[in-house]
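K.L.:
give the three-dimensional model of this entry:
(one chain, ligands or ions: 1)
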Amino acid sequence: MNLTSVFDTSLLELPFIQGESGNITAINSMAEIPFDISRVYYLYDVPGGSSRGGHAHKELQQLIVAASGSFDIILDDGKVKRSIHLNRPDIGLYMPSGLWRELDNFSSGAICLVLASHKYNESDYIRDYDNFIEYKNG
Ligand code: TYD
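P.N.:
The predicted structure follows:
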């Protein structure tokens, strides 16, 4: 059972170093985000209009950033849904485990940067929505 709700997510303002020739945002484990980073991956070349990520994780925590462009994240804890539009490289969505998520409405050229608390592990995924509801209800 995993009791996390969509209200356990948060939009984090990430620090940035501003320069005349561009900005830098640095994200450190246990400083800007509440977990140790084990993996970084990014989604790109996503065809406009397609959706990704219909799944939940049992343990994985993530920070999701629109490093370029924009997209929507639809979060679902089995009871409440919440939609968040990400469009800035200095704002990150912190997601605890145990939430169903879908990503859609990608702008052309968008890059979805993900910092993850664990290495890739297929057994951490719940890919069937009915199984997710059962998991949430214990
Ligand atoms: P998945 O997480 O299902 O992508 P999405 O939910 O965004 O559509 O991953 C798609 C494929 O990529 C799947 O076969 C597993 C593989 N993959 C890895 O091998 N390592 C990774 O770190 C990730 C995120 C995915």
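K.L.:
can we go C-alpha only for contacts and neighbour counts from here?
P.N.:
Noted.
K.L.:
tell me, how many residues neighbour the residue of the chain found nearest the ligand?
P.N.:
Closest residue of the chain to the ligand, CA to the nearest ligand atom: residue 53 (3.0 Å). When neighbours are defined as other CA atoms under 10 Å, residue 53 has 13 of them.
K.L.:
quick one: contacts for it?
P.N.:
Residue 53 sits next to 101-103 when contact means CA atoms under 8 Å, 6 or more residues apart in numbering.
K.L.:
switch the cut-off to 6 Å
P.N.:
For residue 53, the contact set (CA atoms under 6 Å, 6 or more residues apart in numbering) comprises 102-103.
K.L.:
let me know the average pLDDT across the helix or strand harbouring it.
P.N.:
Residue 53 is part of strand 52-57 when elements are defined by DSSP states H and E. Average pLDDT, strand 52-57: 94.
K.L.:
what packs against the next helix or strand after it?
P.N.:
Going down the chain from strand 52-57, the next helix or strand is strand 62-68, by DSSP H and E. Applying 3 or more CA pairs under 6 Å, 6 or more residues apart in numbering; DSSP states H and E, one finds that strand 62-68 contacts strand 91-95, strand 111-116.
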